[in-house]
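Asker: Let's see this in three dimensions:
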Amino acid sequence: AHTEAIELLRHFTEEYPQHEKTARAETLMGIAYYRTGRYLEAINILGAPDRRLRDPEVYLAALRTLGRSYAAMGQMDNARSAFMRAAALENNMQADQDYAELAGLYTRAAERSGDPAQRRRHFQQAARKDDMKLLRDLAASKVEDEFGVSSQAGANSASRLRPAPKGNTEGNAGVVAPVL
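Answerer: Okay, here's the model as predicted:
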């Protein structure tokens, strides 16, 4: 099914290179290349420098698939870069999934490696503490941007709740917001 989809998408992009949906067709083609094990073709399409501008609605999916493609090719530094860019996207409200997937990729790479030094490096990358700090900082900024709530030292308990702010609360009766 993916092979047929690739051919249809390729035909569309060649026939209509200026069409408004060509960028989406290219992104879908890149994802289909990944799913058929054609990682280099996926990387060539999804790694295009203008991908974010040409197809912003699915750029997150494109970056995640790009990261998986790099990992499948054994290019772990490039995979990490793609997942870190995905985690940093403003519209990514589940950046923790990107960090978890990246840690899993490093763990599997370590398990497959026969070189003890390479195994150690991959396991260390899987457990990077600075990535988790980046995640916490990113999450705090997203919460502040989205809800106007600033995370403060001493108020980090997710179990503590406060009433929603007063004002226009139409449709929000009884809503509580977490104190972060």
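Asker: could you show me where the helices are in the protein, in order?
Answerer: 2-15, 22-35, 39-46, 51-54, 59-72, 76-88, 95-112, 116-126, 129-147 (DSSP state H).
Asker: Tabulate the ones you listed (TSV), appending mean neighbour count and mean pLDDT.
Answerer: Every C-beta, even on glycine, is put in place using the N, C-alpha and C of the backbone. Below are these laid out as TSV (neighbours: other CB atoms under 10 Å; pLDDT from 0 to 100):
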stretch	mean neighbour count	mean pLDDT
helix 2-15	14	94
helix 22-35	22	95
helix 39-46	20	96
helix 51-54	15	87
helix 59-72	23	94
helix 76-88	19	90
helix 95-112	17	84
helix 116-126	14	79
helix 129-147	13	60
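Asker: and residue 82, what does it touch?
Answerer: By CB atoms under 8 Å, 6 or more residues apart in numbering, residue 82 lies in contact with 47, 63-64, 66-67, 70.
Asker: who touches stretch 29-43?
Answerer: Defining contact as CB under 8 Å, 6+ apart, one finds that stretch 29-43 is touched by 2-3, 5-6, 9-10, 13, 45-46, 61-62, 65-66, 68-70, 72-73.
Asker: try stretch 73-80
Answerer: Residues contacting stretch 73-80 (CB under 8 Å, 6+ apart): 39-40, 43, 67-68, 70-71, 102, 105-106, 109, 122, 125.
Asker: Among those residues, which one lies nearest to residue 89?
Answerer: residue 67 (12.6 Å; CB to CB).
Asker: Assess the claim that the closest one and residue 86 are in contact.
Answerer: Yes. Applying CB atoms under 8 Å as the test, residue 67 and residue 86 come out as touching, 6.7 Å apart.
Asker: which of the contacts of stretch 73-80 sit farthest apart?
Answerer: The largest separation in these, counting by CB to CB, is between 40 and 125 at 22.9 Å.
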